[in-house]
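> pasting the structure only:
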């Protein structure tokens, strides 16, 4: 039998497709292209089509950023200076390297991540450009999930998109987005730590970044749960295993010599000093069970669970304060998560005491503890408000905003019940929250 040669393509050529013209699909080029212009390529395989998609969305992202009239260097500087310290889910060196190759090796996932970074940094602007970038980022995040297997960069972009939604008080959207990100993380197996101490910097950095992203999802999931009041459901991100390693300090990545011999993990005791983000994660590991206990019914609530959490929290807070004596700002996010946990834990027991579910002695102990926690937050707010404008941090970490909000709610709860016994000026809370609205709309809600 004689062999036959294929003389037509299964797809229209790129030019006919772009102009929505009828194409006769003749090889090597369609009749129209032969008559009017040079040969146009066919999309004969999925690789070329995906490359075209990558180029298109990289161009779209660059156009959207250009409309902001803010340089890329400014965006990155703002992000790594003000967001990264308390949510370091992107390794700066590798991210900048990928951005430098974006035009020669276009990647829609990186473009989406860059848009998400710009979205978070631009929260101070709150203008029409922000709304436009949000819609583009939201669309691209959804579209890429349909187009290809999820990448780490897609999960990172989704995480920052969720952060933007939470900070903008789009709580329902944030609740959906964090669940979506968690699902993508499970597909990527980010919840599993390979346990290997990589001695090559590149492999160690990649492994560290994966763990940071999962820890970031873990923390953000608990923060969203805190705001979504009345939202009774399990956490989207489960508790990691005790052997799961928690992040190391950025200084280790910038002055790399070798892998830490004993890297910290979820089982690392509180008395061992750790970096900022690792301390936040330790605090979140207490916050999660506090949230679950607060959501439990009166039948399921128990003094034993309360006492265990209270002891764990107090031990953690003591070690946290001892690590940075006299300075709440050094570990601001971690301190805030611990204080917020204490406020919620004791306010919950106090409210159950009003229903006769705990003894009067236990209720009194919770009143004293709650008053103490609230006054600590008030003192911090007063000191922050008294600082010179040039010395104030321009971006109050979101965990700190939520802690101040919990303290303000507790004051409203305590004042009418213990009138005459409890008196505290709520003005410091209001002033700090007002300051925080410059970056987080949530602070004004």
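Received the coordinates, thanks. This is a predicted model, so every value here is computed, not measured.
> tell me the contacts of residue 207?
Counting by Cβ atoms under 8 Å, 6 or more residues apart in numbering, residue 207 touches 194, 196, 198. For glycine as for every other residue, the C-beta is placed from the backbone atoms N, C-alpha and C.
> tell me which element it is part of?
helix 201-227 (DSSP states H and E).
> On the C-terminal side of that helix, identify the next helix or strand.
helix 250-254.
> and the angle from the helix or strand following that next one to helix 201-227?
Going down the chain from helix 250-254, the next helix or strand is helix 276-295, by DSSP H and E. The directions of helix 276-295 and helix 201-227 differ by 30 degrees, with axes from the mean of the first three to the mean of the last three Cα atoms, to 10 degrees as the criterion.
> Run a quick neighbour tally on residue 98.
16 (other Cβ atoms under 10 Å).
> does it belong to a helix or a strand, and which?
Assigned by DSSP H and E, residue 98 falls within helix 92-100.
> list the buried ones in that helix?
95, 98, 99 (16 or more other Cβ atoms under 10 Å).
> Likewise for stretch 169-184?
Residues 170, 171, 173, 174, 175, 177, 178, 179, 180, 181, 182, 184 are the ones in stretch 169-184 that count as buried (16+ other Cβ under 10 Å).
> Tell me how far the fourth one lies from residue 153.
Meaning residue 174. 20 Å (Cβ to Cβ, to the nearest Å).
> same deal with the second one?
Distance, residue 171 to residue 153, using Cβ to Cβ: 26 Å.
> Burial check on residue 242, number of neighbours?
9.
> And the closest residue to it other than its chain neighbours, how far from residue 201?
Spatial nearest neighbour of residue 242, chain neighbours left out: residue 267 (4.0 Å); criterion: Cβ to Cβ, 6 or more residues apart in numbering. Applying Cβ to Cβ, the value for residue 267 to residue 201 is 26 Å.
> residues contacting residue 404?
By Cβ under 8 Å, 6+ apart, the contact list for residue 404 reads 336, 377, 381, 429, 432, 433, 436, 443.
> And the contacts of residue 207, which is closest to residue 411?
residue 194 (46.7 Å; Cβ to Cβ).
> where's the closest one, which helix or strand?
Following DSSP H and E, one finds residue 194 outside all helices and strands.
> And residue 142, by the same measure?
Applying DSSP H and E as the criterion places residue 142 in helix 128-147.
> where in this protein is pLDDT low?
For the chain, the stretches flagged by pLDDT under 70 are 1-10, 14-15, 18-20, 26-29, 31-51, 126-127, 230-231, 257-259, 325-326.
> State the pair within the buried residues of stretch 169-184 that is farthest apart.
171 and 184 (20.5 Å).
> picking up where we left off before, any of the contacts of residue 207 buried? List them.
By 16+ other Cβ under 10 Å, the contacts of residue 207 give no buried members at all.
> Just list the residues touching residue 320, thanks.
270, 279, 283, 331, 334, 335, 338.
> 10 Å - rerun?
For residue 320, the contacting residues are 270, 273-274, 279, 282-283, 328, 330-331, 334-335, 337-339, by Cβ atoms under 10 Å, 6 or more residues apart in numbering.
> so where does it fall, helix or strand?
Using DSSP H and E, residue 320 falls in helix 303-323.
> Quick one: work out the angle between that helix and helix 276-295.
Using the same axes, to 10 degrees: helix 303-323 against helix 276-295 is 160 degrees.
> Mind checking what helix or strand follows helix 303-323 in sequence?
For helix 303-323, the following helix or strand on the C-terminal side (DSSP H and E) is helix 332-353.
> Report the distance from that next one to the chain centre.
Relative to its parent chain, helix 332-353 has a centroid offset of 22 Å by Cα atoms, centre = their mean, to the nearest Å.
> Likewise for stretch 318-327?
On the basis of Cα atoms, centre = their mean, stretch 318-327 sits 25 Å off its chain's mean C-alpha point.
> Could you do stretch 241-258 as well?
19 Å.
> now do stretch 65-84
For stretch 65-84, the distance to the chain centre is 17 Å (Cα atoms, centre = their mean).
> Quick one: end-to-end length of it, please.
For stretch 65-84, the first-to-last residue distance is 20 Å (Cα to Cα, to the nearest Å).
> Now do the buried residues in that stretch.
Applying 16+ other Cβ under 10 Å to stretch 65-84 flags 65, 68, 70, 72, 75, 76, 78, 79, 80, 82, 83, 84 as buried.
> The helix holding residue 207: which residues count as buried?
So, applying 16+ other Cβ under 10 Å, buried residues of helix 201-227: 204-205, 207-227.
> Excluding residues flanking it in the chain, which one is nearest residue 291?
Closest to residue 291 by Cβ to Cβ, 6+ apart is residue 225, at 5.5 Å.
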